[in-house]
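Trainee: Kindly return the folded structure for what I paste below:
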Amino acid sequence: GKIKLGFNVHVGYYDQEHSLLNPENNLIDEISDDYPEMNIGDIRNVLAAFLFTRDDVFKLTDSLSGGEKGRLTLAKLMLSQSNFLLLDEPTNHLDVVSREVLEDTLNNYTGTLFFISHDRYFINQIATRVLDLTPSGVESYTGNYDYYIEKRNEKLQLTAARPNDSQVQKPNKDQWMLKKEEDAQKRKKEKQIEKTETEIHTIDARIATIDALLCQEDVYTNHIKATELTDEKSALETTLGLLYEQWDMLLES
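Mentor: Numbers count the residues shown, from 1 in each chain. Down below sits the predicted model:
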């Protein structure tokens, strides 16, 4: 397909891996490289707004946790002239504080946001429109995630309620049994979705905790402990990927 940007649209991109950060820069240099006209005082004020204070500003970006990298990336985006932000899984690996900063910043953003996320809580906080990509095309829902689920279920129920030729031939008792079975399957599916989302958030929280621990001196200087945490994080990320696949399949089924 093709994408055609409107007049005066300036795009900013939030990468979940924060690969655009220079690992050899400290926080001040990271801002200064992109905005050389800013003085140190102004840069410090911006960083402070994203919870980087005192000696934090002299940390190398490579030493930051996932949540800290997210806040730094967001700070740079807010300084840009971008009026259209693309965000790829913005809540991945964020700690609680960084999530709050992200949500507050995006809710106060006056431009347009377009984001992909498996985080229903984040979608509920931020989204005013949900696009559902289906085999038959794109369906638009003007509202948050809860609104999308409500309207999608209504549409599915209406479709299921329309009798086809085979259903018309069925006796009333068979129709009642079929409806009862469909309702039971629907409840089972909703419970599976809720369980999967809970597991995803639990693992996300643990990964954020591990990222924070790996930035502590008593941990990263302890080779055994650091290795244990790194191995645990790797295993959790594998599990997380499988859970996201399962979540997608449940929503599409």
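Trainee: Who are the contact partners of residue 249?
Mentor: Contact analysis of residue 249 by C-beta atoms under 8 Å, 6 or more residues apart in numbering lists nothing. Placement of C-beta: from N, CA and C, glycine included.
Trainee: I'd like to know how many residues surround the nearest residue to residue 74 once chain neighbours are set aside.
Mentor: Counting by C-beta to C-beta, 6 or more residues apart in numbering, residue 74 lies nearest to residue 105, which is 5.7 Å off, once chain neighbours are set aside. Residue 105 is flanked by 16 other residues according to other C-beta atoms under 10 Å.
Trainee: Equivalent analysis for the one 5 residues further on, please.
Mentor: Residue 110 has 5 neighbouring residues, counting by other C-beta under 10 Å.
Trainee: try the one 4 residues further on
Mentor: Burial of residue 114 is recorded as 11 neighbouring residues (other C-beta under 10 Å).
Trainee: Against residue 75, how distant is it?
Mentor: Distance of residue 114 to residue 75, computed by C-beta to C-beta, to the nearest Å: 20 Å.
Trainee: just residue 201 next, same as before
Mentor: Residue 201 is 25 Å from residue 75, by C-beta to C-beta.
Trainee: So these two - more neighbours on which side?
Mentor: Shown here are residue 201 and residue 75; by other C-beta under 10 Å, residue 75 has more neighbours (22 against 14).
Trainee: how far out from the middle of the chain is the strand or helix carrying the residue nearest to residue 74?
Mentor: Following DSSP states H and E, one finds residue 105 within helix 96-107. Counting by C-alpha atoms, centre = their mean, to the nearest Å, helix 96-107 is centred 12 Å from the centre of its parent chain.
Trainee: what helices or strands is the helix or strand just after that helix leaning on?
Mentor: Going down the chain from helix 96-107, the next helix or strand is strand 112-116, by DSSP H and E. Under the contact definition 3 or more C-beta pairs under 8 Å, 6 or more residues apart in numbering; DSSP states H and E, strand 112-116 sits against strand 84-88.
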